[in-house]
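Asks: sequence unknown, structure follows:
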């Protein structure tokens, strides 16, 4: 199975020739850091100035990385992917909001998605981002053990209520809930809240999943301590494993404030950390569930190999692979064809509101040069195979 991910015919089976050309154009653009920087600035200016650019954005970068504007809008893409046994995780990707009404809207949107997906086999999870439900500054104060003012305490209580509402709905509807991770200086508050929900709702099976960003060198130790508490209290652990999305920001802040860099020293150390956590969770699968959220081929092969050398089925619901829509189709579609559980994160939302997500996606792809080059090589191979 070692060359499984080189099969571009399977990877791009759902892409028309014109969609393949668009993908090639986009990744060529993303590969250039100056172009990404200029394009980002121009896009922000155009949207802020209410210039008529949404149509252009929608037909290019938005349609490549997003499923649509609404849940219903995404169903064509969801149904199409499901014909190839690739599931979807509907991700309301509106970022950077700071108002209570926006946090309530995100909660209501998540509840709507839980109801929406209850009977849809193609959409096995719901998801939300901690700062979608409350201000980063509140999480940070709690993480840093600072005393909250009375109004801030009320604000935090509302955040807890939002988490509780979606976790209870997920439990009642039997729809597993993925909760993302963010910056290290706010994450402990989110982790503690997620653990309390695991203790409440993960008694029989995993409903609530946290996220481990494994470019952080402390995460295996955190997981082991969580495992000890879970054994003592009798609950199961669900984790989405990712490498991480805030490396430059994390390193700059650690340097500026004079504390130890929380990020692994290099990619090799990150890969070693990632695979160690993956193996640890797999070895404890009787009380854990894994969402292996990776674009890394070696980490994908590792879990496939662990599954096939065990007594677990490839369709065991405690074992999932996940990638982002618009990226790593060579991993997603080839694994799905082999019968593994695969889901694509499918972002959606109003074009203007989803732009922070899309800009972050472009910047991340630019900083991970190998990823962009791999996408381009695969697209070129498929173009050559199709003779276009």
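Replies: Happy to help now that I have it. Values in this document were obtained by computation on a predicted structure and should not be read as measured data. Numbering: from 1, shown residues only.
Asks: correct me if wrong: residue 170 contacts residue 177.
Replies: Yes: if you go by C-beta atoms under 8 Å, residue 170 and residue 177 touch, sitting 4.0 Å apart. (Glycine included, C-beta is placed from N, CA and C.)
Asks: need the overlap of contacts for these two.
Replies: Jointly contacting residue 170 and residue 177 under the rule C-beta atoms under 8 Å, 6 or more residues apart in numbering are 114, 126, 207-208.
Asks: want to throw these into JSON lines with distance to residue 83 and pLDDT?
Replies: Shown next, in JSON lines, are the shared contacts of residue 170 and residue 177 (distance: C-beta to C-beta, whole Å; pLDDT from 0 to 100):
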{"residue": "114", "distance to residue 83": "24", "pLDDT": "95"}
{"residue": "126", "distance to residue 83": "22", "pLDDT": "97"}
{"residue": "207", "distance to residue 83": "28", "pLDDT": "98"}
{"residue": "208", "distance to residue 83": "30", "pLDDT": "98"}
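Asks: ok, the residues you listed vs residue 333, which is closest?
Replies: residue 126 (23.2 Å; C-beta to C-beta).
Asks: which residues touch the closest one?
Replies: 89-90, 110, 113-114, 117, 166, 170, 175-178 are the contacts of residue 126 under C-beta under 8 Å, 6+ apart.
Asks: those in helices, which ones?
Replies: Among the contacts of residue 126, the members found in helices (DSSP state H) are 110, 113-114, 117, 166, 170.
Asks: between these, which has the most around it?
Replies: Tallying neighbours with other C-beta atoms under 10 Å puts residue 166 at the head of these, with 26 neighbours.
Asks: from residue 133, how far out is that one?
Replies: 8 Å (C-beta to C-beta, to the nearest Å).
Asks: try residue 197
Replies: Distance from residue 197 to residue 133, by C-beta to C-beta: 12 Å.
Asks: find the residues that touch each one of those two.
Replies: Common neighbours of residue 197 and residue 133, counting by C-beta under 8 Å, 6+ apart, are residue 163.
Asks: before we move on, back to that, so of the shared contacts of residue 170 and residue 177, which two are at opposite extremes in space?
Replies: 114 and 208 (12.4 Å).
Asks: anything in contact with each of the two?
Replies: Common neighbours of residue 114 and residue 208 (C-beta under 8 Å, 6+ apart) are 170, 177.
Asks: ok, for residue 357, nearest residue in space, not its chain neighbours?
Replies: residue 93 (4.1 Å; C-beta to C-beta, 6 or more residues apart in numbering).
Asks: the one you found and residue 360 touch, don't they?
Replies: No: using C-beta under 8 Å, residue 93 is not in contact with residue 360, being 9.5 Å away.
Asks: what's the overlap in contacts for the two?
Replies: Joint contacts of residue 93 and residue 360 (C-beta under 8 Å, 6+ apart) do not exist.
Asks: show me which of the two is the more surrounded one.
Replies: For residue 93 and residue 360, the more surrounded residue by other C-beta under 10 Å is residue 93, and the numbers stand at 24 against 16.
Asks: would you map the helices across the stretch 151-300 of the chain?
Replies: Along the stretch 151-300 of the chain, counting by DSSP state H, counting those that start in this stretch, helices occupy 184-201, 219-233, 247-257, 267-283, 297-308.
Asks: and of those helices, who's closest to residue 60?
Replies: helix 247-257 (25.6 Å).
Asks: picking that back up, now the helices of the stretch 151-300 of the chain as TSV including distance to residue 328 and mean neighbour count?
Replies: Below are the helices of the stretch 151-300 of the chain laid out as TSV (distance: least, C-beta to C-beta, whole Å; neighbours: other C-beta atoms under 10 Å):
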stretch	distance to residue 328	mean neighbour count
helix 184-201	25	20
helix 219-233	22	15
helix 247-257	19	13
helix 267-283	15	17
helix 297-308	9	17
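Asks: any low-confidence regions in the stretch 251-388 of the chain?
Replies: Along the stretch 251-388 of the chain, the model assigns pLDDT under 70 to residues 364-369.
Asks: how long is stretch 289-304 end to end?
Replies: In terms of C-alpha to C-alpha, to the nearest Å, the two terminal residues of stretch 289-304 are separated by 15 Å.
Asks: chain center to that stretch: distance?
Replies: Taking the mean of its C-alpha atoms, stretch 289-304 sits 13 Å from the chain's own mean (C-alpha atoms, centre = their mean, to the nearest Å).
Asks: related to what we said a few turns ago, now the common contact residues for residue 166 and residue 133.
Replies: With C-beta under 8 Å, 6+ apart as the test, residue 166 and residue 133 both reach residue 107.
Asks: surely residue 292 and residue 322 touch.
Replies: Yes: with contact defined as C-beta under 8 Å, residue 292 and residue 322 form a contacting pair (6.8 Å).
Asks: start and end of stretch 318-335, how far apart?
Replies: Across stretch 318-335, first to last residue, C-alpha to C-alpha, it's 16 Å.
Asks: oh sorry, the question was meant for stretch 231-249
Replies: Start-to-end, stretch 231-249 (C-alpha to C-alpha) is 35 Å.
Asks: so for that stretch, mean pLDDT?
Replies: For stretch 231-249, mean pLDDT is 95.
Asks: what about the nearest residue to residue 23 once chain neighbours are set aside, distance to residue 32?
Replies: Of all residues not flanking residue 23 in the chain, residue 379 sits nearest, at 5.7 Å (C-beta to C-beta, 6+ apart). From residue 379 across to residue 32, the span is 16 Å (C-beta to C-beta).
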